[in-house]
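Visitor: could you work out the structure for the sequence below:
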Amino acid sequence: MINFTAPLSPQEKKRRTLTDDLARARRDLNGARDRASGDVNFAQIFKRKSNRNNLGQPFKGIGKQKILAMIGAGISTAREMIAFNDYTGHPDVLPQWRDVFVEYFDKLQENVMVLEAKVESIQSELEVFQIAEAMFRIEEEVDLEDNSDMNVTTEATEEEKPPVFSGILDPCGWNLRCVSKSTIDRVMATNAAHRKEVQMAKMQNIPASVLKIDWSYKLAPKIKVYTGRGQSFAPFKSSVNVHNENAMCMFWKCYPTAESYGPKGMGPDLKRMKERLDHLGCKVKLVYVDNCCSVRNMLTGPEGIFPEALIKLDGWHWMERWKPALNDAKSTEAMVFWHLIRASAVLHRRWRNRTCSEKASEEVPAG
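Guide: Predicted coordinates for the structure are as follows:
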């Protein structure tokens, strides 16, 4: 029996969302094809244009008098007007009116092409999701078989409980806490301003040996400074945030210029960050940036800010460099490729951050 009240899993929610989106897109595509292959009766258009409350009617520039002139010439539909050639016998019907109807059907055909691409994209995404779901199901079955072969017996003394949150310094866990809306409003209204100095001091005492520098250009231009009634300006063009190897924010700031590591950009702040890390006894070994090839000489080397650090490209931009190798970045094969390359990166991170007991078990010889 199906339990309709049971909560859906994230996979089931995504599958249902993709299925509904695909059905909706196909329904829109069928309607667009009917409109593109159909015709428009001038009598109906005349009735609509007679009522001024009907806004957004097709054939802009074609009013009631022009419609009456075309009907008087024996033209009753839009496609008949496109095929009409007897302009000498009917001088009140102008040839340039034909362009309005040609443009109307061209737009309908363009809409059909857009919806076809949308249906193909959603269908490809659904196929990739089904492939990934099948892969995950196979992995779960393999894990269950491995666990059954280990013959591990456990005594269930109490009812199973969901796993607790990890510690704040655990790099392999999650540190999420959910608060109420009133708490969020209070934090935004008062607590943030009162505790800003304390939070900044905590952030400045976070150790790091790996830095991830990420620039953004969406939020900074939206920050406005008001100088008077109706007068404001945007002082910033970009923003940057820096995280350590445990995904903890160490630095953030808005700048009036674009991405820059020079004296007028982030250079002085990085030098102060290096001094702070030196006081904490930390040595930066690796720095991830958005454009490693152009800023490597400014960040490392004899005259760089971090002389002994490796400058590497971050994961997202690294995956973007694979696009020229693909014939179609939105095809089904490309979607499977992106899924596999992301999964390999996650598995490599889990292998790198495995616990000491896991490392010790790997060193024990078999038998």
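
Visitor: break this structure into its domains for me.
Guide: Taking automatic domain parsing as the domain assignment, the ranges for the chain are 10-119, 192-314.

Visitor: okay, the ones you listed in a markdown table with mean neighbour count and distance to residue 186 next?
Guide: Backbone N, C-alpha and C define where each C-beta goes, glycine included. Below are the domains of the chain laid out as a markdown table (neighbours: other CB atoms under 10 Å; distance: least, CB to CB, whole Å):
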| stretch | mean neighbour count | distance to residue 186 |
| --- | --- | --- |
| domain 10-119 | 14 | 31 |
| domain 192-314 | 15 | 9 |
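
Visitor: and these: which comes nearest residue 327?
Guide: Residue 327 sits nearest to domain 10-119 of all the domains of the chain, at 16.4 Å, using CB to CB.

Visitor: could I get the domains of the chain as CSV with mean pLDDT and distance to residue 181?
Guide: Shown next, in CSV, are the domains of the chain (pLDDT from 0 to 100; distance: least, CB to CB, whole Å):
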stretch, mean pLDDT, distance to residue 181
domain 10-119, 87, 23
domain 192-314, 87, 15
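
Visitor: among the ones you listed, which is nearest residue 344?
Guide: Among the domains of the chain, domain 192-314 sits nearest to residue 344 (CB to CB), with 16.0 Å.

Visitor: what about the nearest residue to residue 295 once chain neighbours are set aside, which SS state?
Guide: Among residues not flanking residue 295 along the chain, residue 261 sits closest, at 5.3 Å (CB to CB, 6 or more residues apart in numbering). At residue 261 the chain is in coil, as set by DSSP: H, G, I helix; E, B strand; the rest coil.

Visitor: just to check, residue 261 is in contact with residue 297?
Guide: No. Judged on CB atoms under 8 Å, residue 261 makes no contact with residue 297 at a distance of 9.9 Å.

Visitor: re earlier: backbone dihedrals for the residue nearest to residue 295, please?
Guide: Backbone geometry at residue 261, expressed as degrees, to the nearest 10, gives phi -110, psi 10.

Visitor: and residue 195, how far is that from residue 234?
Guide: Residue 195 sits at a distance of 27 Å from residue 234 (criterion: CB to CB, to the nearest Å).

Visitor: ok but residue 213 is inside a helix, no?
Guide: No. Going by three-state DSSP, the assignment for residue 213 is strand, not a helix.

Visitor: now for the closest residue to residue 313 other than its chain neighbours: which residues touch it?
Guide: Nearest residue to residue 313, sequence neighbours excluded (CB to CB, 6+ apart): residue 292, at 4.5 Å. Residue 292 makes contact with 311-313, according to CB atoms under 8 Å, 6 or more residues apart in numbering.

Visitor: the longest helix in this protein is where?
Guide: In the chain, assigned by DSSP state H, the helix with the most residues is helix 97-149.

Visitor: for the spatially most central residue of the chain, give its distance to residue 208.
Guide: In the chain, the centroid-proximal residue (CA atoms, centre = their mean) is residue 316; its distance is 11.8 Å. As judged by CB to CB, residue 316 and residue 208 stand 20 Å apart.
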